[in-house]
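A.B. asks: Below are the sequence and a predicted model for it; my questions follow.
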Amino acid sequence: MKKLIIEGNKILKGEIKVSGAKNSVVALIPASILTSGKCIIKNVPNISDVQNLIEMMEYLGSEIKYIDDTIYIDNKNVRNETIGENFSKKMRASYYYMGSLLGKYGEAKISFPGGCVIGERPIDYHISGFEKLGSKVFIENGDTYSISAEKLVGADIIFKKASVGATLNIMFAAVKAEGTTNIINAAMEPEIKNVADFLISMGAKIDGAGTNKITIEGVQELGDGEITVLPDRIEAGTFAIMASLLGDKLTIKDVNKDHINALLKKLKESGVKVKSSKNDLIISKCDNLKSVNVKTDVYPAFPTDLGQPMSTFLTQCEGISIFEETIYENRMRHIKYLNEMGANIKLKDRIATIKGKTPLKGKEVEATDLRAGAAMLVAGMIADGITTITNIEHILRGYENIVEKLSKVGASIKLVDE
Ligand code: EPU
């Protein structure tokens, strides 16, 4: 069992570099299936989700080389296979093979996707979108989606709520469909544009990615593709939160500031001074933080994936902060551990009332999901004494070389494998 052991209250100084975005690369790799050619994906983070996706690609017949931070993919021998639960349960993003295999072969069979337990996470928009494009969808053996289409034909697809996964899955199914597909109320997260740019490099015709209306003209063939994974805005935001509490001019490198505007606005509102130059942020700790209210929502609003680490930050703000999570029903399991460490948080459904400022004390806590793990990391780093975080496989799924990166800037953190 792997654990992180942190000795708190160490100042963070120097430079920390942001890696490529997890939520982009986990869609880029399955997207590559759409071509039988070769693809190059640069700036790939070495995280366990990427390793698992590479195994899935190899299972489908793809030849992959992962050298430094670049993945070289050769899909000439790829075939359509059922993706069983040994693969699908490892991560949510396994569901991107629904769209990409359907888009390529007109058929996909894949066991129900896994991923962090943060809410019900239905995929009804994906399914009804595939149906609108001409597919039939069945559930086989109670646990496998079987999706097939004699012919995929473009359609207008209107989402009730903007969904990252559904927007990309429909894009994958539509790039080679006959005619035009319009995705209305599309998700606008930066990862959507990064993935669309990859498909465009292969020859896909996609317009409007990054806005709430995406138009896709089906093409018959796709060729070789190349893309650089955009910087991970959630990792950048997590480092910005840490720097606001512990930084001594900590420089966060490779940040797209526009992508974390909502977070920077809240940090500044609470008193943090953020300096920036080109792609870097320079942040020092602020000792008299003021309470702020934070409500998560779809991009460009405050991201749900930063809500949990932000709630740890709010325990250090003077006064009462209200933190509301609107995307997932069950993304507050970390609050219990913050309270055990000394926070004063009252939780009602998805609303946390956080009374600060409260010192935190080191304890054994659990990373109940990926971003809960990030919240515990921040907590351990500001707590007095030693914090042990268990179940850290969740953290390793999403944060590249986290121990090395944080140690290099002054944190006292080690990974033990018992
Ligand atoms: N929704 C539906 N039906 C659907 C699809 C979504 O009701 O068919 C609802 C969801 O229940 C949720 C909301 O719509 O309330 C948004 O879900 P979305 O589909 O956007 O989420 P996702 O694609 O499953 C991705 C990221 C998440 C991130 C969200 C929101 C990946 C692999 N996952 O999930 O990342 O929280 O977008 O930005 O890209 C994480 O990195 O920790 C993480 C959970």
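C.D. replies: Ah, there it is.

A.B. asks: CA atoms for contacts and neighbours, from now on please.
C.D. replies: Noted.

A.B. asks: what number of residues lie near the residue in the stretch 201-350 of the chain positioned nearest to the ligand?
C.D. replies: Scanning the stretch 201-350 of the chain for proximity to the ligand using Cα to the nearest ligand atom identifies Ile327 as nearest, at 4.2 Å. Other residues within reach of Ile327, judged by other Cα atoms under 10 Å, total 18.

A.B. asks: per-residue confidence for it?
C.D. replies: pLDDT, Ile327: 95.

A.B. asks: do Phe198 as well
C.D. replies: So Phe198 comes in at 98 (pLDDT).

A.B. asks: what about whichever strand or helix holds it, near the ligand?
C.D. replies: Using DSSP states H and E, the element containing Phe198 is helix 190-202. No: using Cα under 6 Å from any ligand atom, helix 190-202 stays clear of the ligand, with a minimum separation of 8.1 Å.

A.B. asks: Spit out the contact partners of the residue of the stretch 201-350 of the chain closest to the ligand.
C.D. replies: Contacts for Ile327 (Cα atoms under 8 Å, 6 or more residues apart in numbering) come out as Thr296, Asp297, Val298, Thr304.

A.B. asks: Can you report how many residues lie near the first one?
C.D. replies: Other residues within reach of Thr296, judged by other Cα under 10 Å, total 20.

A.B. asks: Which strand residues bridge it?
C.D. replies: Phe302 (DSSP bridges).

A.B. asks: ok, back up a step: looking at the contacts of Ile327, which has the most residues close by?
C.D. replies: Highest count within the contacts of Ile327 by other Cα under 10 Å belongs to Thr304, 22 neighbours.

A.B. asks: which neighbours does the strand or helix carrying Ile252 have in its sheet, and in what orientation?
C.D. replies: Under the criterion of DSSP H and E, Ile252 resides in strand 250-253. Using DSSP bridges, strand 250-253 pairs in its sheet with strand 15-17 (parallel), strand 280-283 (antiparallel).

A.B. asks: can I get those strands in a markdown table with mean neighbour count?
C.D. replies: Formatted as a markdown table, the strands paired with strand 250-253 follow (neighbours: other Cα atoms under 10 Å):
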| stretch | mean neighbour count |
| --- | --- |
| strand 15-17 | 18 |
| strand 280-283 | 23 |
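
A.B. asks: got the ones you listed as TSV, with distance to Ala240 columns?
C.D. replies: TSV is the format used below for the strands paired with strand 250-253 (distance: least, Cα to Cα, whole Å):
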stretch	distance to Ala240
strand 15-17	10
strand 280-283	7
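
A.B. asks: returning to that earlier point: which residues touch the helix or strand just after the helix holding Phe198?
C.D. replies: The helix or strand immediately downstream of helix 190-202 is strand 205-207, counting by DSSP H and E. Identification of contacts with strand 205-207 by Cα under 8 Å, 6+ apart yields Val175, Ala196, Ile200, Ile214, Thr215, Ile216, Glu217, Gly218, Val219.

A.B. asks: Nearest to Thr315 among those?
C.D. replies: Ala196 (38.7 Å; Cα to Cα).

A.B. asks: thought that closest one was touching Ala209?
C.D. replies: Yes: using Cα atoms under 8 Å, Ala196 makes contact with Ala209 at a distance of 6.4 Å.

A.B. asks: And the ligand, is the helix or strand hosting Gly99 touching that?
C.D. replies: Element membership for Gly99 (DSSP H and E) is helix 96-105. No: taking Cα under 6 Å from any ligand atom as the criterion, helix 96-105 and the ligand are apart, separated by no less than 8.8 Å.

A.B. asks: Now find how far off-centre that helix is within its chain.
C.D. replies: 21 Å (Cα atoms, centre = their mean, to the nearest Å).

A.B. asks: and that helix, what's its mean pLDDT?
C.D. replies: 98.

A.B. asks: which helices and strands sit right next to the helix or strand following it?
C.D. replies: Next helix or strand after helix 96-105 toward the C-terminus (DSSP H and E): strand 107-111. Strand 107-111 sits against helix 85-88, helix 96-105, strand 144-148, with contacts defined as 3 or more Cα pairs under 8 Å, 6 or more residues apart in numbering; DSSP states H and E.
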